[in-house]
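1. Have a look at this prediction, sequence included:
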Amino acid sequence: MGKMRVVLLVVLMAVLSGVVYAQQTFRASEGQDAQVNYTDENGLRQGLWERSYPNGRLMYRANFVDNMPVGEMVRFHPNGNKMAQIIYDEDGENGDGKLFDHNGRLIAEGKYRQTSKEGEWVFYNERGTIISRESYKNDKLHGEAIAYYPNGNKASVRNWVNGIQDGQEVVFFPNGNKRLEANYREGNLHGAYTVYYRNGRREVHGMYNRGRMHGPWFFFDGLGNEDYRLNFENGVSKEADLLDQQQEERFREFERNRGRIADPEDYMDDPDGYMRTW
């Protein structure tokens, strides 16, 4: 799962404000003139705003009062299915958002405070199974972010502070056993770092100091016996040259995988991508 993160509504509002229909236009509605895509004398958007794709299908529809969205704001896929929906309160301060894939299936939902994601957001796969829960504050990841396997077990738990990974990270095997325990400080690996075999025994254990391997690192075989150890200083170990061929290959494999242990599934149709690219 790619690490998610510019908010849906910020980009949507940019699209709306740059629309070629920003000048006052009119259309008939139930026998009377109704203003659409209207900007008042103070430059504020008022009433219904709409835009269509080149194929004539509706791209989005929203209502504004004094430049603030109120009620329902909807964006559609080119095939006509709903892509996103936000229901704002009367003053446009808070809204409930939902994202949908091109087949109309719900893939994400959460809350907005004005133009920022706030509180818990939940992401789903194409079968409607929850694959992630993330906490936001002022549109930045803040708090716990949990990813799930299709069987409902946790795949990973990460902690964030104002959009920066900080605190403990735990990655799990599908059976619930730990795959990785790590610690972050201000976005860098810092502190104890442990990789486990599927049977629960340690595979690798060492310490990071501000993103660099530091001090003794221990490498174990599948029975829990120490295979070898390396001493690091600010990410460098000259002892790696002393490893035999098998140990060297294991160490290289660890280096390749370090920090890149994958989550179980990517988001279906990259729902967070909708928020970045509107």
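-> That came through fine. Keep in mind the model is a prediction, meaning the values are calculated, not measured.
2. Quick one: neighbours of Ala192, just the number.
-> Counted by other Cβ atoms under 10 Å, the residues lying close to Ala192 total 13. For the C-beta atoms, the positions are set from N, CA and C on the backbone; glycine is no exception.
3. what's near enough to touch it?
-> Counting by Cβ atoms under 8 Å, 6 or more residues apart in numbering, Ala192 touches 181-183, 205-207.
4. Which pLDDT does the model give it?
-> Note on Ala192: pLDDT of 97.
5. what does Glu253 give?
-> 72.
6. now swap in the one 5 residues further on and tell me
-> Per-residue confidence for Arg258 comes out at a pLDDT of 60.
7. next one: Leu16
-> For Leu16, the predicted pLDDT is 34.
8. picking up where we left off before, format the contacts of Ala192 as CSV; extra columns: neighbour count and distance to Ala62.
-> As requested, these are exported to CSV (neighbours: other Cβ atoms under 10 Å; distance: Cβ to Cβ, whole Å):
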residue, neighbour count, distance to Ala62
Glu181, 17, 46
Ala182, 22, 43
Asn183, 19, 44
His205, 18, 54
Gly206, 19, 53
Met207, 17, 52
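9. from the residues you listed, which single one is nearest His102?
-> His102 lies nearest to Ala182 out of these, by Cβ to Cβ, at 36.2 Å.
10. shouldn't the closest one be in contact with His190?
-> No: counting by Cβ atoms under 8 Å, Ala182 sits too far from His190 to count as a contact (9.2 Å).
11. now this structure, which segments are flagged as low pLDDT?
-> Scanning the chain for pLDDT under 70 picks out the ranges 1-34, 240, 242-248, 250-252, 254-278.
12. how about the helices of it, start to end?
-> Secondary structure of the chain, counting by DSSP state H: helices at 8-17, 245-257, 271-277.
13. pretty sure Asp166 contacts Arg185?
-> Yes: contact criterion Cβ under 8 Å: Asp166 and Arg185 qualify, at 6.3 Å.
14. Next, count neighbours for Tyr193.
-> Counted by other Cβ under 10 Å, the residues lying close to Tyr193 total 20.
15. Give me the spatial nearest neighbour of Ala84, chain neighbours excluded.
-> Arg75 (4.4 Å; Cβ to Cβ, 6 or more residues apart in numbering).
16. For the one you found, name its beta-bridge partners.
-> Tyr60, Ala84 (DSSP bridges).
17. what do you get for Ser52?
-> Leu58.
18. Roughly how far does Glu169 sit from Gly191?
-> With the distance defined as Cβ to Cβ, to the nearest Å, Glu169 ends up 11 Å from Gly191.
19. again but with Gly222, I slipped
-> Per Cβ to Cβ, Gly222 is found 26 Å from Gly191.
20. The two - which one has more neighbours?
-> Neighbour count, other Cβ under 10 Å: between Gly222 and Gly191, Gly191 has more, with 14 against 11.
21. My read is that the more buried one contacts His205, right?
-> No: the pair Gly191 and His205 fails to qualify as a contact (Cβ under 8 Å) at a distance of 11.9 Å.
22. The residue nearest to Ala84: neighbour count?
-> Arg75: 22 surrounding residues under other Cβ under 10 Å.
23. hang on, isn't it packed against Lys98?
-> No: Arg75 lies out of contact with Lys98 (Cβ under 8 Å); the separation is 10.7 Å.
24. any common contacting residues for the two?
-> By Cβ under 8 Å, 6+ apart, Arg75 and Lys98 have these common neighbours: 84-85.
25. any idea how far Glu253 is from the residue nearest to Ala84?
-> In terms of Cβ to Cβ, Arg75 sits 44 Å off from Glu253.
26. for Phe232, same thing?
-> Going from Phe232 to Glu253 by Cβ to Cβ gives 17 Å.
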